[in-house]
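Novice: The amino acid sequence is not available; the structure is as follows:
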């Protein structure tokens, strides 16, 4: 049980320190990206629980892997590498390298939502 939240926490806090000191995102090994994406799939509803009135899909950029975080219409899609998706959903919106697509209503809802623990 500890590995699930610890991977997310250690990843986010490590990236917080790197990015705050101007180092930018690190290159994450494929196995770690896969583990981070698997963690996203475990409870995407929790990290997106403050988003209301629209759906949210999490898309691993460059792959066909998609996680439905919230059901609803219209639906926004958040594209990025798994680590960047986690950064965004942990409330590091400005530091996360993600792209939001969808209707203007869905995008606005995602942009005004306070994500995080």
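Specialist: Looks like it arrived, so ask away. Keep in mind that this is a model prediction, so the values were computed, not measured.
Novice: Every contact and neighbour count from this point should use C-alpha atoms.
Specialist: Fine.
Novice: Quick check: residue 58 is in a strand.
Specialist: Yes - counting by DSSP: H, G, I helix; E, B strand; the rest coil, residue 58 is part of a strand.
Novice: what's the distance between it and residue 49?
Specialist: Distance of residue 58 to residue 49, given as CA to CA, to the nearest Å: 14 Å.
Novice: cool, and residue 62?
Specialist: In terms of CA to CA, residue 62 sits 26 Å off from residue 49.
Novice: The residue of the chain most remote from its centre and residue 56: what is the separation?
Specialist: Relative to the centre of the chain, the most outlying C-alpha is that of residue 21, 21.6 Å out, by CA atoms, centre = their mean. Going from residue 21 to residue 56 by CA to CA gives 31 Å.
Novice: now the helices for the chain?
Specialist: 3-20, 30-42, 44-47, 82-89, 104-112 (DSSP state H).
Novice: got a list of what the residue nearest the centre of the chain touches?
Specialist: Closest to where the C-alpha atoms of the chain average out (CA atoms, centre = their mean) is residue 85, at 2.3 Å. The neighbours of residue 85, taking CA atoms under 8 Å, 6 or more residues apart in numbering as the test, are 58, 78, 79, 96, 98.
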